[in-house]
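Chemist: Attaching a predicted model along with its sequence, questions to come.
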Amino acid sequence: MKDPSKTTPRGSSSLPPRNGRKVSQRGLLSLAMLLSSIGALTLALLGGTRLVLDVFSVGLANSLDGLSTKVLVIGLAYAVGWLSAMIAIRIYSNLILPIIINFFTWGCLVGVCVLYLLVLQRLYMQNYDMLHYLAYVLIVAASLLALVGLHLIIEGHDLRPFSIPLLIISLIQLGLIVFRYVFTGTANPAYLWRDLLFFLGMAAFSFFMLAHIGLLEPLRTHLANYFDRNSKAIRTQD
């Protein structure tokens, strides 16, 4: 005979309520920031690669049409990806995104090295004008800034290993300069200052990366303090 006290009332269930465990909003927002960062940074890097290929393949004159618009949308995509990554890592403590950003940083370094070699080829041939030279300088500078921006996302990230390939290519450029102006009789001395300016700029940038003297530390500290002050206002409590 059943004990009436142990019977389940009609309309009730022994299963736990379906909404007993709430979905973590912080987890969802962290995932959303991760996907947003990866997507936006991928679009920015692909767009930048396409823009560089257009400049070096179809020519600068043919790429000037809508160039400002292309640069604007690429910069916007990079800014969205960079900000999303900072929020995901510094506020929501995403542990997966730093690993992915590190891969993006190495990929950006490979792109900078390839771009550097392409520019060296143009500089050695000496068949460019001042407009092309300025375009080469601005493209390489933008690529280096993108590399530094990715470096700032990850706390404690070390740029010294990234300087080694750039230093090696800088030495290659120095060898090309010596060979071009000493061992060939067709070099135009009017191009020398452009070669030296580009070489000194890349060598100085690579040296500061290798020296690791903390030039970016004030900016990194400022970013960390800003997100620490505003983290409670941005993130949710659950």
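Modeler: Great, that's in hand. This structure is a prediction, so every number in the text was calculated from the model and none was measured. Residues are numbered from 1 along each chain as shown.
Chemist: Show me what stretch 69-79 is in contact with.
Modeler: Contact with stretch 69-79 is made by A40, L41, L43, A44, G47, G48, L51, A146, G149, as judged by C-beta atoms under 8 Å, 6 or more residues apart in numbering. In this view, the C-beta of every residue, glycine as well, is placed from N, C-alpha and C.
Chemist: Just the mean pLDDT for it, thanks.
Modeler: Averaged across stretch 69-79, the pLDDT comes to 93.
Chemist: Now it: buried residues?
Modeler: Neighbour counts using 16 or more other C-beta atoms under 10 Å place K70, I74, A77, Y78 of stretch 69-79 among the buried residues.
Chemist: before we move on, what about stretch 189-205?
Modeler: Y191, R194, D195, F198, F199, M202, A203, F205.
Chemist: so which of those residues comes closest to Q173?
Modeler: F199 (5.2 Å; C-beta to C-beta).
Chemist: what helices or strands is the longest helix seen in the chain leaning on?
Modeler: Looking across the chain with DSSP state H, the single longest helix is helix 25-57. In terms of contacts (3 or more C-beta pairs under 8 Å, 6 or more residues apart in numbering; DSSP states H and E), helix 25-57 is packed against helix 60-63, helix 67-86, helix 97-125, helix 130-153.
Chemist: now the angle from that helix to helix 97-125?
Modeler: 10 degrees (axes from the mean of the first three to the mean of the last three C-alpha atoms, to 10 degrees).
Chemist: any chance of the buried residues of stretch 69-79 in JSON lines, plus distance to M33?
Modeler: Compiled in JSON lines, the buried residues of stretch 69-79 are given as follows (distance: C-beta to C-beta, whole Å):
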{"residue": "K70", "distance to M33": "26"}
{"residue": "I74", "distance to M33": "21"}
{"residue": "A77", "distance to M33": "15"}
{"residue": "Y78", "distance to M33": "15"}
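Chemist: What is the nearest of those to L29?
Modeler: Nearest member of the buried residues of stretch 69-79 to L29, counting by C-beta to C-beta, is A77, at 20.5 Å.
Chemist: Quick check: chain neighbours aside, which residue is closest to that closest one?
Modeler: Of all residues not flanking A77 in the chain, A44 sits nearest, at 4.0 Å (C-beta to C-beta, 6 or more residues apart in numbering).
Chemist: And the pLDDT at the one you found?
Modeler: For A44, pLDDT reads 94.
Chemist: May I ask you to confirm that it is in contact with A85?
Modeler: No: using C-beta atoms under 8 Å, A44 makes no contact with A85, being 11.6 Å away.
Chemist: And the two? Which one has more around it.
Modeler: A85 (28 against 22; other C-beta atoms under 10 Å).
Chemist: Using CSV, write out the CA atom coordinates for the host helix or strand of L166.
Modeler: Here L166, judged by DSSP states H and E, is contained in helix 160-178. Once non-C-alpha atoms are left out, helix 160-178 reads as follows in CSV (Å, rounded to 0.1, in the frame of the first residue of the first chain):
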residue,chain,number,x,y,z
ARG,A,160,61.7,40.7,-29.7
PRO,A,161,61.2,37.5,-31.7
PHE,A,162,59.3,39.5,-34.4
SER,A,163,62.3,41.8,-34.9
ILE,A,164,64.6,39.0,-36.1
PRO,A,165,63.1,38.6,-39.6
LEU,A,166,62.9,42.3,-40.1
LEU,A,167,66.6,42.7,-39.1
ILE,A,168,67.6,40.0,-41.5
ILE,A,169,65.8,41.7,-44.4
SER,A,170,67.3,45.0,-43.4
LEU,A,171,70.8,43.5,-43.7
ILE,A,172,69.7,42.2,-47.1
GLN,A,173,68.7,45.7,-48.1
LEU,A,174,72.1,47.1,-46.9
GLY,A,175,73.8,44.5,-49.1
LEU,A,176,71.7,45.4,-52.1
ILE,A,177,72.5,49.1,-51.5
VAL,A,178,76.2,48.5,-51.4
